[in-house]
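> Quick one, what's the 3D model for this:
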Amino acid sequence: MKNIKATITALCLCAAPTIFAQQNNLPLIPQPAKVVQGDGTFTFSPTLKVWADAYDGDSIKLVLQQFEQKFTPATGTHFKYGGKSATMQLRCNKHLGNEAYTLNVTPKQIVIEAAKPAGFFYALQTLQQLLPSRNAMAGVPDSTIASWTLPAVSIADAPRFGWRGFMLDEGRHFYGKREVMKIIDMMAAYKMNRFHWHLTEDQGWRIEIKKYPKLTEVGAWRHSRTLGYGETVPDGERYGGYYTQADAREIVKYARDRFIEIVPEVDIPGHSQAAVASYPEFLACDPQNPHQVWLYQGVSADVINVSNPRAVQFANDVIDELTGIFPFSYIHLGGDECPVYKWQHNADCQKQLKELGSDNYRDLQINFYHQLQQHMAQKPQHEQRKLIFWNEVLHGNTAPLGKDITIMAWIGADAAAQDAAKRGMNTILSPQIPYYINRRQSKDVWEPRSQGWGTETVEAVYNYVPMKGVPDALQSKYLGVQANFWTEWVEDASTVQYLTFPRLAAVAEAGWTPQSERSYTNFEQRLQAEPAFYKAAGVNYGKHVFGKTKDKAQ
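Sure, this is the predicted structure:
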């Protein structure tokens, strides 16, 4: 909140009457903290003289050049880099927050101020939304536009939360590099900054670990595309795929250029049957039995034997390689839905639990994480990572883990988040209802097969209020919000997109816009501009809230 106030204070408001985005309906998503609309328009000529202040690594200029790569093909306007008298200027203002910006457009000039390259990047996303065609956001020409213009406007903007995330599960189904990059593009357009990449599951291991090649030779493949559930049975098709480390590094760079950090998740010790099937000799609680990559939905009981020192070493080695691939602050180790049945029937696990002085088998999981945490603490500072867990971890004795962990609250999210905050831990709000946007968004008969009852509508997603009723003393522990997409039922990228958009835009606005400026009625009006963007970007989307027609899903 401090960044928002500083940004608004820094904006010198013009004499025109104040009109906020909710009143003038400029089609901006997420809605800025403050908007003042002026008189007249700025018209782009074939050549635009631009200027960017110097910054380490010339990174502000790089942001501008990246913007130019879409803007010029769409509008026909070419940039000419010149002096400080340029028509479009990007100026450093050290008094603004790291992601804050101001954008001032008059009929004669465009001036953007920010303290960091991220602020300039977000300002340019806003500028694109002010253009007369959404095609420009995808770098696609629009022959219906005779003149490319911007309305005269002054915007002071900064995010409400520092964490504005989206999680994609590729453990159940694999979509590939091109589709992941498309998701990252859409996140960037909505000023989201964390891509949580769920890379391992009972049903598949999707990231190359060079020390353990069987994880991708065996664990990345299964004998069914469709996952069995109820009357749905495995189909016998060989199915799978994985990302090489080179692939992952390419995606990391792509995301980084768009100011998105990737949070890799390797879910251990539960949701790990694909890993157990790859190395049953030291990961399984019962290595004498057969193990295969799972063909079903739900939760497998085939968990990692946390009492085996080789299993601990395996996890340490995986973390080491992930650290080399993902140069960001966090690694997610899962921690959810971990059955303890096999630990209860394993002599070594029973012995370790007694040594811990506990009768709660969940404490074996906490002890496992504590060992990984100790390993990470011995690494050089630049290789250390903060750990994130799902909120089931709170059910064990978390004391050994200390307060320097982050809890992602999904089940009973509001209560779990407050519990974590009271224990001194940071937390991220990711409520299953309504932020699991893989769930059906309508009761329409043509909705694709997925989870839920059609109650997670765009309106329901939008109307969730993050941090509602949280005492002031705890609010600093709330990092932000995140939508999740689980893919048990979703076999193709087009359906991922259809269920994700426009609901992800609603989550993005919750993460960015001050709660006092949020209104679903107004959001729905602004949302009507988005189909043109989705079509230009080649992205499928749900049609339910657009116009009066209820087009079929596919």
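> Let me know the secondary structure of the residue nearest in space to the middle of the chain.
The centroid of the chain falls nearest to F166 when counting by C-alpha atoms, centre = their mean (2.4 Å). Classification of F166 using DSSP: H, G, I helix; E, B strand; the rest coil returns strand.
> pretty sure it is touching H198, no?
No: checked against C-beta atoms under 8 Å, the pair F166 and H198 is beyond contact range at 10.9 Å. Where you see a C-beta, it was placed from the backbone N, CA and C, and this is true even at glycine.
> Name the nearest residue to the residue nearest to the centre of the chain, ignoring sequence neighbours.
Spatially, and ignoring its direct neighbours in sequence, F166 is nearest to A483 (5.2 Å; C-beta to C-beta, 6 or more residues apart in numbering).
> Pull the helix or strand hosting the one you found out as PDB, backbone CA atoms only.
Following DSSP states H and E, one finds A483 within strand 478-485. Only the C-alpha atoms of strand 478-485 are listed here, as PDB (Å, rounded to 0.1, in the frame of the first residue of the first chain):
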ATOM      1  CA  TYR A 478       0.400 -11.800   3.100                       C
ATOM      2  CA  LEU A 479       2.600 -11.800   0.000                       C
ATOM      3  CA  GLY A 480      -0.300 -11.900  -2.500                       C
ATOM      4  CA  VAL A 481      -2.600 -14.100  -4.500                       C
ATOM      5  CA  GLN A 482      -2.400 -16.900  -7.000                       C
ATOM      6  CA  ALA A 483      -4.700 -18.800  -9.300                       C
ATOM      7  CA  ASN A 484      -4.000 -22.500  -9.900                       C
ATOM      8  CA  PHE A 485      -4.800 -24.800 -12.800                       C
END
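> wait, is L394 part of a helix?
Yes: L394: assigned to a helix according to three-state DSSP.
> helix, strand or coil for the closest residue to it other than its chain neighbours?
Once flanking residues are discounted, L394 sits nearest to D419: 5.8 Å by C-beta to C-beta, 6+ apart. Here D419 is recorded as helix under three-state DSSP.
> and D419, how far is that from A33?
According to C-beta to C-beta, to the nearest Å, D419 stands 30 Å off from A33.
> between the two, who's got more neighbours?
A count of neighbours by other C-beta atoms under 10 Å puts A33 above the other of D419 and A33, at 26 against 16.
> re the thing from before, check the gap between the residue nearest to the centre of the chain and I184 for me.
Taking C-beta to C-beta, one finds F166 at 9 Å from I184.
> any shared contact partners between the two?
Common contacts of F166 and I184 (C-beta atoms under 8 Å, 6 or more residues apart in numbering): F195.
> Quick check: end-to-end length of stretch 512-521?
18 Å (C-alpha to C-alpha, to the nearest Å).
> So for it, what gets flagged as buried?
For stretch 512-521, a neighbour-count test (16 or more other C-beta atoms under 10 Å) marks 512-514, 517-518, 520 as buried.
> For those, give me JSON lines that also has secondary structure, distance to Y122 and pLDDT.
Shown next, in JSON lines, are these (DSSP: H, G, I helix; E, B strand; the rest coil; distance: C-beta to C-beta, whole Å; pLDDT from 0 to 100):
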{"residue": "W512", "secondary structure": "helix", "distance to Y122": "9", "pLDDT": "98"}
{"residue": "T513", "secondary structure": "coil", "distance to Y122": "13", "pLDDT": "98"}
{"residue": "P514", "secondary structure": "coil", "distance to Y122": "15", "pLDDT": "98"}
{"residue": "E517", "secondary structure": "helix", "distance to Y122": "16", "pLDDT": "96"}
{"residue": "R518", "secondary structure": "coil", "distance to Y122": "18", "pLDDT": "97"}
{"residue": "Y520", "secondary structure": "helix", "distance to Y122": "23", "pLDDT": "98"}
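> which among the residues you listed gets closest to Q288?
W512 (53.4 Å; C-beta to C-beta).
> residues contacting the closest one?
30-31, 159-161, 164, 191.
> Now render these as CSV, adding secondary structure.
Listed next are the contacts of W512 as CSV, based on three-state DSSP:
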residue, secondary structure
P30, coil
Q31, coil
P159, coil
R160, coil
F161, coil
R164, strand
K191, coil
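> Highest neighbour count among those?
Result: P30 is most packed of the contacts of W512 (other C-beta under 10 Å), 29 neighbours.
> And that residue, how far from A505?
Distance from P30 to A505, by C-beta to C-beta: 8 Å.
> same deal with G547?
Counting by C-beta to C-beta, the gap from G547 to A505 is 17 Å.
> Who has more neighbours out of those two?
More crowded of G547 and A505, by other C-beta under 10 Å: A505, with 24 against 9.
> Once you drop chain neighbours, what's closest to that one?
I29 (5.2 Å).
> and the strand or helix carrying F195, average pLDDT?
Assessed by DSSP H and E, F195 sits inside strand 194-198. Averaged across strand 194-198, pLDDT comes to 98.
> so Q65 sits in a strand?
No: Q65: not assigned to a strand; according to three-state DSSP it is helix.
> what's the neighbour count on it?
Using other C-beta under 10 Å, Q65 is surrounded by 14 other residues.
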